[in-house]
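sequence-free structure coming up:
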């Protein structure tokens with residue numbers, strides 16, 4: 001299997017932004033038309049899109065719903081959505097609106113029964129976000145750090161039927177420091193659930209190295225700031241990922 005490259009659209013106040021280390025006060029605005037940005041990614045060949053309602057992550061419920069719905073309407077491929085989705089009604093609503101996969105983070109730690117039930121009832125549709133700060137799980141928009149090691153949270157869902165684990169090194173996110181490949185591969189080796197890498201992708205080298213580990217359980221990689229800053233070309237990234245298959 002080839003590595004899936006997920007271009008990212010993070011939403012804050014209806015705008016396309018990127019944060020530094022998950023800090024809402026360190027946001028760079030890249031546009032005010034999320035649907036148009038989604039269409040640009042599609043025109044570049046993207047078949048998968050990763051969308052985050054940043055405001056929702058802190059509020060615990062959808063805040064940028066209108067922008068997300070516009071993205072779903074505009075993007076012809078698969079939309080993976082996270083941010084404040086913490087109950088059954090929200091899960092069902094987004095699937096009904098056309099989302100392909102839902103990313104659940106905070107609730108995975110605080111309400112695992114809900115997440116396991118959703119994974120059972122929506123096969124292949126639930127992704128568990130394993131957000132790491134110094135090796136421990138971060139929650140509530142990364143504002144809080146728990147006392148649970150990342151690997152322990154991942155293993156909690158091994159037999160639950162979740163589609164993937166989304167691993168983000170919070171300390172690298174949005175900083176273009178390079179993806180934490182060692183930690184990502186270690187997590188993939190420690191569990192039988194496919195892992196999506198995120199946080200700090202700086203350029204094509206990250207894509208190339210991660211693609212070499214696809215057979216060890218690395219399913220995909222999410223990239224945002226590197227695309228918006230022009231450090232990474234989406235078509236090239238997808239070609240490199242495909243070539244390594």
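Yes, it's here. Source: prediction; values computed, not measured.

Would you enumerate the residues in contact with residue 52?
Residue 52 makes contact with 8-11, 81-83, 103 under the criterion CB atoms under 8 Å, 6 or more residues apart in numbering. From N, CA and C alone the C-beta is placed, and that goes for glycine too.

can we see that at 10 Å?
Shown here is residue 52, whose contacts under the criterion CB atoms under 10 Å, 6 or more residues apart in numbering are 8-12, 17, 19, 64, 68, 80-84, 103, 105, 129, 141, 222, 224.

Check residue 80 too.
Applying CB under 10 Å, 6+ apart, the residues contacting residue 80 are 4, 6, 8, 48-52, 99-103, 125, 127, 163-164, 166, 196, 220, 222.

can you rerun that using 8 Å?
If a contact means CB under 8 Å, 6+ apart, then residue 80 has 6, 48-51, 99-103, 127 as its contacts.

Just the closest of the residues you listed to residue 29, please.
Within the contacts of residue 80, distances to residue 29 taken as CB to CB reach their minimum at residue 51, with 16.3 Å.

how far away is the closest one from residue 145?
According to CB to CB, to the nearest Å, residue 51 stands 25 Å off from residue 145.

quick one: which of these two has more around it?
Taking other CB atoms under 10 Å, residue 51 and residue 145 do not tie; residue 51 has more neighbours (25 against 17).

For that one, give the beta-bridge partners.
For residue 51, the residues forming beta bridges with it (DSSP bridges) are residue 9, residue 81.

and the gap between it and residue 102?
From residue 51 over to residue 102 the distance is 10 Å, taken as CB to CB.

what is in contact with the two at once?
Common contact partners of residue 51 and residue 102 (CB under 8 Å, 6+ apart): 80-82.

As CSV, those residues with distance to residue 32 and pLDDT would be great.
Formatted as CSV, the entries for these read as follows, by distance: CB to CB, whole Å; pLDDT from 0 to 100:
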residue, distance to residue 32, pLDDT
80, 22, 98
81, 20, 98
82, 21, 96
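
nearest to residue 235, of those residues?
Out of these, the member with the shortest distance to residue 235 (by CB to CB) is residue 80, at 20.0 Å.

ok so, going back, generate the ChimeraX command that creates a selection of the buried members of the contacts of residue 52.
Selecting only the buried members of the contacts of residue 52 in ChimeraX, with burial defined as 16 or more other CB atoms under 10 Å, works like this:
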select :8,9,10,11,12,17,19,64,68,80,81,82,83,84,103,105,129,141,222,224
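
Could you list which of the contacts of residue 52 belong to helices?
residue 68 (DSSP state H).

sorry, back to before: most neighbours of all the contacts of residue 80, which one?
For these, the largest number of neighbours (other CB under 10 Å) sits with residue 50, at 28 neighbours.

Which residue is the nearest non-sequential neighbour of that one?
residue 6 (4.0 Å; CB to CB, 6 or more residues apart in numbering).

which phi and psi does that neighbour have?
Backbone torsions for residue 6, taken as degrees, to the nearest 10, come to phi -100, psi 100.
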